[in-house]
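Enquirer: This is the structure alone, sequence omitted:
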């Protein structure tokens, strides 16, 4: 089975033993036996009958599978002449990333920070994309309770996306309580557990930067946990004002900059949008 990825393909038109090549994109399903989309090729005439498709598997190498998709078009009427359906045949050499090869490309550390809205939202978008590709995703929510947030409800409907809220019932502010300290310590233990389990391809540590900002953990402790992760495990850290030590360790850092916010007009957090 393939990972449902868009394949880079070469399409060649065989006519009078001449091959004309041009680059195209071919969308496929997760198996070589079912084609979902094929770029249409014009024939310059009226088409009679249905085209014939065939797909021959060639083999796999280094996590990539190769195949040959061929197409014999129907009869084509050009003027008063019926062209032989075997006169033109379209042959496509394609290669498709398997799920294993997709996983082998993972392993970076991403950070979404800044005072603007959208850090957790961006991480959730990445989680949806990864789960759609068949990857296993887990989000550990620091300092957020199991309060029926929209993403917590949605994740329960996906077999390969898990959200683990680890925060207390109250909102954690600049002066953390003993319960806040305990919840962050438990979330860090859970983070180490999932990062070293090899079970998840994408691990999101939501709001861990705020735990760092409030002094509930230290940058060196977070970096130490990240270094313990299994190979090819992608990690995302979200939250405001990420420490420089985390920036230095990360592979990607994106800052959401606040320009305008509905809160400035008195519009409070809305169900389905903010939570």
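Expert: That came through fine. In this text the structure is predicted, and so the values were computed from the model without any measurement. Numbers count the residues shown, from 1 in each chain.
Enquirer: average model confidence for the host helix or strand of residue 151?
Expert: Residue 151 is located in helix 150-155, with elements delineated by DSSP states H and E. Average pLDDT, helix 150-155: 95.
Enquirer: for that helix, packing partners?
Expert: In terms of contacts (3 or more C-beta pairs under 8 Å, 6 or more residues apart in numbering; DSSP states H and E), helix 150-155 is packed against strand 161-165. In short, each C-beta sits where N, CA and C put it, glycine included.
Enquirer: that older thread, which residues sit against the helix holding residue 151?
Expert: Here helix 150-155 makes contact (C-beta atoms under 8 Å, 6 or more residues apart in numbering) with 120, 124, 139, 146, 161-163, 165, 271-272, 275.
Enquirer: Go again with 6 Å.
Expert: Applying C-beta atoms under 6 Å, 6 or more residues apart in numbering, the contact partners of helix 150-155 are 124, 161, 163, 272.
Enquirer: That one: which residues count as buried?
Expert: Going by neighbour count (16 or more other C-beta atoms under 10 Å), the buried part of helix 150-155 is 151-152, 155.
Enquirer: one step back: what's the farthest-apart pair in the contacts of helix 150-155?
Expert: The two members of the contacts of helix 150-155 with the most space between them (C-beta to C-beta) are 161 and 272, at 18.1 Å.
Enquirer: picking that back up, type out the PyMOL command that picks the buried ones from the contacts of helix 150-155.
Expert: Those of the contacts of helix 150-155 that count as buried under 16+ other C-beta under 10 Å are selected in PyMOL with:
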select buried, resi 124+161+163
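Enquirer: which strands and helices sit next to the helix or strand where residue 235 lies?
Expert: Using DSSP H and E, residue 235 sits within strand 234-238. Applying 3 or more C-beta pairs under 6 Å, 6 or more residues apart in numbering; DSSP states H and E, one finds that strand 234-238 contacts strand 109-113, helix 119-132, strand 202-206.
Enquirer: Mean pLDDT for these - can I get that in TSV?
Expert: Output for the helices and strands packed on strand 234-238, formatted as TSV (pLDDT from 0 to 100):
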stretch	mean pLDDT
strand 109-113	98
helix 119-132	96
strand 202-206	98
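Enquirer: Now for residue 181: which residues touch it?
Expert: Neighbouring residues of residue 181 by C-beta under 6 Å, 6+ apart: residue 216.
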